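**Q** this one's sequence-less:
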Ligand code: SF4
Ligand code: SF4
């Protein structure tokens, strides 16, 4: 899932200052699960904005609505009929960075501001605890590394073994996290594939990752040609 955390309330209040009608829009998928941008959080943020407005003697209108996913136009279209959306002059999106930007495309004449900091692709290990597992590099190598990602879980994204700085199985950059290459070694050994450590992974072509610019993905068997125009 995409993990995000709520921006500090001071920052949110600063970004909506001066607008007379603010629509707080929750997102019901990843950020709801990571307890940062779901309906519950949207209601709480809206109530703080109203309270602040009252203290400042302002007549700010604050509405709360939610999209199942802000990264899907099908669900954004449903917002047109939501109370407060049409009249709002500012949308506070509680979607991830993709959701905020899709909201900008949906409402080109409205101000849209983010309520969250989008942090990483990860897993929920325990209530209130998420960790990063993937950087969406576009060329997955998990079959070679025992299912443990060297891109996202090694602090230096090393592809051919450890950097030499790990100690006691922990990373030299952050001793609170396990050395990815120690984990890869342990895992390959456990599944009888430690020979894989002798394979040399060639220099990667990072164009499949962010280094090649913004990426797109088209499923020719599903897409309708006129829908493939990208911003
Ligand atoms: S190798 Fe790339 S795609 Fe696979 S888990 Fe790591 S970052 Fe994600
Ligand atoms: S100690 Fe391990 S995880 Fe940390 S940077 Fe070196 S190889 Fe990567």
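**A** That came through, no problem. Keep in mind it's a predicted model, so treat the numbers as computed, not measured. Numbers count the residues shown, from 1 in each chain. Ligands and ions are numbered 1, 2, ... in the order given.
**Q** Would you mark the buried spots in the longest strand seen in the chain?
**A** Assignment by DSSP state E gives strand 116-126 as the longest strand of the chain. In terms of neighbour count (16 or more other C-beta atoms under 10 Å), strand 116-126 has its buried residues at 116, 118, 119, 120, 121, 122. The C-beta positions use only the backbone N, C-alpha and C, and glycine is treated the same way.
**Q** Need the pLDDT of the fifth one.
**A** Just to be clear, that refers to residue 121. Listed pLDDT for residue 121 reads 97.
**Q** what do you get for the first one?
**A** We have a pLDDT of 98 for residue 116.
**Q** coming back round to it: next, format the buried residues of strand 116-126 as a markdown table and append distance to residue 192.
**A** Below are the buried residues of strand 116-126 laid out as a markdown table (distance: C-beta to C-beta, whole Å):
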| residue | distance to residue 192 |
| --- | --- |
| 116 | 43 |
| 118 | 39 |
| 119 | 36 |
| 120 | 31 |
| 121 | 29 |
| 122 | 28 |
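**Q** can you tell me the average pLDDT over the lengthiest helix in the chain?
**A** Ordering each helix of the chain by length in residues (DSSP state H) puts helix 39-55 first. Across helix 39-55, pLDDT averages out at 97.
**Q** which residues sit against whichever helix or strand comes after that helix?
**A** Using DSSP states H and E, the next helix or strand after helix 39-55 towards the C-terminus is strand 61-67. Around strand 61-67, the neighbours that count as contacts under C-beta atoms under 8 Å, 6 or more residues apart in numbering are 20-28, 38-39, 42-43, 46, 49-50, 53, 75-76, 78-79, 82-85, 87-88, 95, 99.
**Q** Kindly report the same for stretch 91-99.
**A** By C-beta under 8 Å, 6+ apart, stretch 91-99 touches 2, 4, 6, 12, 15-16, 22-27, 30-31, 36-38, 41-42, 45, 49, 67, 69-71, 85, 100, 102-103, 107, 110-116, 118.
**Q** Mind checking which of those residues land in strands?
**A** Counting by DSSP E, the part of the contacts of stretch 91-99 found in strands is 2, 4, 6, 22-27, 67, 111-114, 116, 118.
**Q** Relative to residue 85, how far out is residue 77?
**A** According to C-beta to C-beta, to the nearest Å, residue 77 and residue 85 sit 11 Å apart.
**Q** ok, these two, which is more surrounded?
**A** Legend: neighbour count by other C-beta atoms under 10 Å for residue 77 and residue 85, higher for residue 85 (18 against 11).
**Q** still on that earlier bit, which of the ones in strands among the contacts of stretch 91-99 has the most neighbours?
**A** residue 27 (33 neighbours).
**Q** can you list the residues of this protein near ligand 1?
**A** Proximity of the chain to ligand 1, by C-beta under 6 Å from any ligand atom, involves residues 134, 135, 136, 137, 140, 141, 142, 149, 151, 152.
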